[in-house]
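[1] sequence? don't have it. structure:
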Ligand SMILES: Cc1cc2nc3c(=O)[nH]c(=O)nc-3n(C[C@H](O)[C@H](O)[C@H](O)COP(=O)(O)OP(=O)(O)OC[C@H]3O[C@@H](n4cnc5c(N)ncnc54)[C@H](O)[C@@H]3O)c2cc1C
Ligand SMILES: Nc1c(O)cccc1C(=O)O
């Protein structure tokens, strides 16, 4: 089949009936559910880009194995040029969604591509796991599927390991083996976009300890697998909000969900790892599924930060406050933060390495530095929007006020910006800014940047420890090894 259109994607959504709970009710029709409908259309637009002659060559390629056109997320990067092709895809998708949708189809398709490319790792433990991931990769590539994932255990008691939780099946685990596959029970979080995807892949961040064997597993399933329950977080919009009043939250809200597996059968051919703590802990560091999606996150995060910074600059300009030194300083700072991320991305993409398995990997230090700083830079950009927009962010009238003839004159007079900025221009800009920096939608976007990659505190600590091992701080040793009487000898002669 190869690349799908937006309509193909929508037809897929309509053909399935996952068990999705939203606000205490079972959603009967995912496509027509107002809260999901617009985000479905935003994803569909990305699928359509694959057929758009302006974008097609930038985001797709002809598959060597099938001679069909497939998305660049399925390209196993072997050269720097391949990394560039991927980068182009990430940038196109991110620009179309302003970086606000983090888990567009490219993200997990890159994860599975990397796992399959590094099947040597699974091969060491079990040849079937390795074969299964390779077949799964072909399945999602050739059917151009959209995946969600859940790699974190629910937060019940973080001071205890999986097998120490009150109920042994709080964290997802295997109940039994059957001739058809494994039966799994328990929960996993936090599956972004789950209700509007085709399939789910389950694996874990490292952290299992001996005793956790039943929880150490990886597999994939269709999103409507019998027994899989999806409980959505409270929506940040009702699906009926006006695009005038909420230009971002009405379009780009990515629903997040908890996945509960009520004795779900995972067929053997979809099991990628099972009953093995060591393999489950090494999957993330060994198969490129940290670095390859971090490239997507880096490009997407760059666009999102650049977008927030543009909003800050436009808000300042629209009310003439960017004439003040303090405002210029803040704007200069956040513009520089965008430039820092842009530069780091170039380092990541050009200082790549080819590993012994022939896979091109972007520079991990640069990507990890992005992952370290974005959770600080993005909230700072949001703070700058809040500070510069100040009370005006809360004062905006609604689109309905603009439409009412009795209010028109007041609205035009009192809501306009600096000379040349009409009331409608300014109000629409401020509403967009408020979606980003004040609404629940914007706060979720901020929380996403803080936590999408795991706990930033522990990530930084891991980075430091690796850096220390690799660099050994040899310049200091070198200078200290110099003779302490070097200069004195010549002076005394
Ligand atoms: C908007 C959003 C979307 C997301 N989408 C996805 C998704 O699609 N798929 C997915 O799998 N995940 C997703 N995530 C989840 C993400 O992977 C986790 O939020 C992240 O890994 C952090 O884990 P946690 O939220 O369980 O926090 P916790 O690990 O519970 O941490 C909570 C706090 O306790 C501290 N803490 C906890 N344990 C320790 C420890 N051992 N040592 C020191 N400090 C500790 C942390 O520093 C933190 O401050 C998403 C998260 C967000 C916010
Ligand atoms: N956050 C990640 C995820 O959810 C899947 C794969 C990789 C990551 C990551 O940031 O490393």
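    Received, thanks. Please read these numbers as outputs of a predicted model, since none were measured by experiment. Ligands and ions are numbered 1, 2, ... in the order given.

[2] use CA for all of it now, contacts and neighbours both
    Fine.

[3] quick one: contacts for residue 222?
    Neighbouring residues of residue 222 by Cα atoms under 8 Å, 6 or more residues apart in numbering: 198, 199, 200.

[4] what's the closest of the residues you listed to ligand 2?
    Using Cα to the nearest ligand atom, residue 200 is the member of those that lies nearest ligand 2, at 12.3 Å.

[5] from ligand 2, how far out is the closest residue to residue 180 other than its chain neighbours?
    Spatial nearest neighbour of residue 180, chain neighbours left out: residue 267 (5.6 Å); criterion: Cα to Cα, 6 or more residues apart in numbering. From residue 267 across to ligand 2, the span is 23 Å (Cα to the nearest ligand atom, to the nearest Å).

[6] report the contact partners of residue 267.
    180, 181, 182.

[7] ok, back up a step: and which of the contacts of residue 222 is nearest to residue 374?
    Set against residue 374, the nearest of the contacts of residue 222 by Cα to Cα is residue 200 (27.0 Å).

[8] immediately after the longest helix along the chain, which helix or strand?
    In the chain, taking DSSP state H as the definition, the longest helix is helix 291-318. As assigned by DSSP states H and E, the chain's next helix or strand after helix 291-318 is helix 325-350.

[9] now find how far off-centre that following helix is within its chain.
    How far helix 325-350 lies from its chain's middle: 21 Å, per Cα atoms, centre = their mean, to the nearest Å.

[10] helices or strands up against that helix?
    Secondary-structure packing of helix 325-350 (3 or more Cα pairs under 8 Å, 6 or more residues apart in numbering; DSSP states H and E): helix 80-97, helix 291-318, helix 364-389.

[11] could you list the buried residues of the first one?
    With burial defined by 16 or more other Cα atoms under 10 Å, the residues of helix 80-97 counted as buried are 80, 83, 85-97.

[12] please name every helix or strand in contact with that helix.
    helix 34-49, helix 56-59, helix 291-318, helix 325-350, strand 360-361.

[13] how close does whichever residue of the stretch 151-300 of the chain sits closest to ligand 2 sit to residue 193?
    Nearest residue of the stretch 151-300 of the chain to ligand 2, counting by Cα to the nearest ligand atom: residue 290, 4.1 Å away. Going from residue 290 to residue 193 by Cα to Cα, to the nearest Å gives 20 Å.

[14] more neighbours: those two, which one.
    The residue with more neighbours, out of residue 290 and residue 193, is residue 193; 25 against 19, by other Cα atoms under 10 Å.

[15] quick one: residues contacting the residue lying closest to that one once chain neighbours are set aside.
    In this structure, residue 193 finds its nearest non-sequential neighbour in residue 255, 4.9 Å apart by Cα to Cα, 6+ apart. Contact analysis of residue 255 by Cα under 8 Å, 6+ apart lists 192, 193, 194, 195, 232, 233, 235.

[16] chain center to the strand ranked longest in the chain: distance?
    If you go by DSSP state E, the chain has its longest strand at strand 257-267. Mean-position distance between strand 257-267 and its chain equals 22 Å (Cα atoms, centre = their mean).

[17] ok, then the element right after that strand?
    Next helix or strand after strand 257-267 toward the C-terminus (DSSP H and E): strand 271-274.

[18] sheet-wise, list the partners of that following strand with their directions.
    According to DSSP bridges, strand 271-274 forms sheet pairs with strand 217-222 (antiparallel).

[19] now the strand it pairs with, how far from the centre of its chain.
    19 Å.

[20] tell me the first helix or strand C-terminal of it.
    Heading C-terminal from strand 217-222 (DSSP H and E), you reach strand 228-232.

[21] give me the residues contacting that next one.
    Outside strand 228-232, the residues within contact range by Cα under 8 Å, 6+ apart are 18-23, 194-195, 255-262, 264.

[22] just the buried subset of the residues you listed, please.
    Neighbour-count burial (16+ other Cα under 10 Å) is assigned, among those, to 18-22, 194-195, 255-262, 264.

[23] among these, which two are most distant?
    For the buried ones among the contacts of strand 228-232, the maximum inter-member distance is 22.8 Å, found between 255 and 264 (Cα to Cα).

[24] coming back round to it: for the buried ones among the contacts of strand 228-232, which one is nearest ligand 1?
    residue 256 (6.4 Å).

[25] so the nearest residue to the closest one once chain neighbours are set aside, which state does it fall into?
    Nearest non-adjacent residue to residue 256, counting by Cα to Cα, 6+ apart: residue 192, 4.1 Å away. When classified by DSSP: H, G, I helix; E, B strand; the rest coil, residue 192 comes out as coil.

[26] if we can go back for a sec, need the helices and strands packed on helix 80-97 in CSV (columns: mean pLDDT and mean neighbour count).
    Rendered in CSV, the data for the helices and strands packed on helix 80-97 read as follows (pLDDT from 0 to 100; neighbours: other Cα atoms under 10 Å):
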stretch, mean pLDDT, mean neighbour count
helix 34-49, 97, 20
helix 56-59, 98, 20
helix 291-318, 97, 24
helix 325-350, 98, 18
strand 360-361, 96, 22
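
[27] looking at those, which is nearest to ligand 1?
    helix 291-318 (11.9 Å).

[28] okay, angle between the closest one and helix 364-389 too, please.
    Interaxial angle, helix 291-318 versus helix 364-389 (axes from the mean of the first three to the mean of the last three Cα atoms, to 10 degrees): 20 degrees.

[29] can we start the residue count at 659 from this point?
    Okay, residue one is now 659; in that scheme the one you just asked about reads as helix 949-976.

[30] what is helix 949-976 packed up against?
    Packed next to helix 949-976, using 3+ Cα pairs under 8 Å, 6+ apart, are helix 738-755, helix 763-775, helix 983-1008, helix 1022-1047, helix 1081-1095.

[31] what's the fourth one packed up against?
    Spelled out, that is helix 1022-1047. When contacts are defined as 3+ Cα pairs under 8 Å, 6+ apart, helix 1022-1047 packs onto helix 949-976, helix 983-1008, helix 1081-1095, helix 1098-1109, helix 1114-1129.

[32] now distance to residue 777 too, for those helices, in TSV please.
    As requested, the helices and strands packed on helix 1022-1047 are arranged in TSV below (distance: least, Cα to Cα, whole Å):
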stretch	distance to residue 777
helix 949-976	15
helix 983-1008	24
helix 1081-1095	41
helix 1098-1109	28
helix 1114-1129	24
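
[33] do you know which of the helices and strands packed on helix 949-976 lies nearest ligand 2?
    Smallest distance to ligand 2 across the helices and strands packed on helix 949-976 (Cα to the nearest ligand atom): 6.5 Å, for helix 763-775.

[34] and the closest one, anywhere near ligand 1?
    No: figure legend: helix 763-775 not in contact with ligand 1 (Cα under 6 Å from any ligand atom); closest approach 9.3 Å.

[35] so for that helix, mean pLDDT?
    The pLDDT scores in helix 763-775 average 98.

[36] could you tell me the angle between it and helix 692-707?
    60 degrees.

[37] how about the residues of the stretch 759-908 of the chain by ligand 1?
    Counting by Cα under 6 Å from any ligand atom, the stretch 759-908 of the chain comes close to ligand 1 at 807, 808, 809, 810, 813, 816, 847, 848, 849, 850.
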